[in-house]
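> the sequence isn't on hand, but the structure is:
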């Protein structure tokens, strides 16, 4: 009886200790302070090239290679793309809806009208769809978190 109680006690503590653990992807997180996604989107040039840690719910996952996730901002209708090199990290499709902490370096790049049209043509060819260059409104600034590590709860 005594060994059964001891076993159950150990089991309960082990489950409680692992309850907050998430699944790690890529490098181990090193930063402790979370940067709000809304702050990054409001002032991207302040964060360009800086290592940051963000948190939020995963609202989308790359369906081809699992090479990116979109993380919901702390403000409605905003998100930040957490992009990794193909094959370095593969996010599962069922990660959508889960909470994530992601660390990496912010990249801010502005694309010209010509670059956007060329990209649109290539994407349309790949998807075997029609493309109308008049649909492009530019230039466009793209803000990415070049992801290095994440923990999904």
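Sure thing, it's come through. Fair warning: this is a prediction, and the values are worked out from it, not measured in the lab.

> and the helices in the protein?
Listed in chain order, the helices of the chain (DSSP state H) span 2-18, 37-42, 44-47, 113-127.

> what's the least confident stretch among those?
Between the helices of the chain, the one with the least mean pLDDT is helix 2-18; it has a mean of 41.

> shouldn't residue 24 be in contact with residue 103?
No: distance between residue 24 and residue 103: 11.1 Å, which falls outside the contact criterion (Cβ atoms under 8 Å). From N, CA and C alone the C-beta is placed, and that goes for glycine too.

> which one of the two is surrounded by more residues?
Legend: neighbour count by other Cβ atoms under 10 Å for residue 24 and residue 103, higher for residue 103 (22 against 13).

> ok, now which ones touch that one?
Counting by Cβ atoms under 8 Å, 6 or more residues apart in numbering, residue 103 makes contact with 27, 29, 30, 31, 51, 52, 53, 54, 147, 148, 149, 150.

> for it, give its distance to residue 133.
Distance check for residue 103 against residue 133: by Cβ to Cβ, to the nearest Å, it reads 38 Å.

> and the contacts of residue 103, which two are furthest apart?
Farthest-apart pair in these is 27 and 54; separation 15.0 Å (Cβ to Cβ).

> these two: who's more crowded?
Ranked by neighbour count (other Cβ under 10 Å), residue 27 and residue 54 place residue 54 first, with 25 against 14.

> dig out what that one forms beta bridges with.
Residue 54 forms beta bridges with residue 102, as assigned by DSSP bridges.

> give me the pLDDT value at it.
Residue 54 carries a pLDDT value of 98.

> can you give me every residue that contacts it?
34, 35, 36, 37, 40, 71, 80, 82, 101, 102, 103, 145.

> go on, residue 133?
117, 120, 121.

> restricted to buried residues, select these in PyMOL.
The following PyMOL line selects those of those that are buried, judged by 16 or more other Cβ atoms under 10 Å:
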select buried, resi 117
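
> could you dump the contacts of residue 133 into a markdown table with distance to residue 108 added?
Shown next, in a markdown table, are the contacts of residue 133 (distance: Cβ to Cβ, whole Å):
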| residue | distance to residue 108 |
| --- | --- |
| 117 | 21 |
| 120 | 21 |
| 121 | 24 |
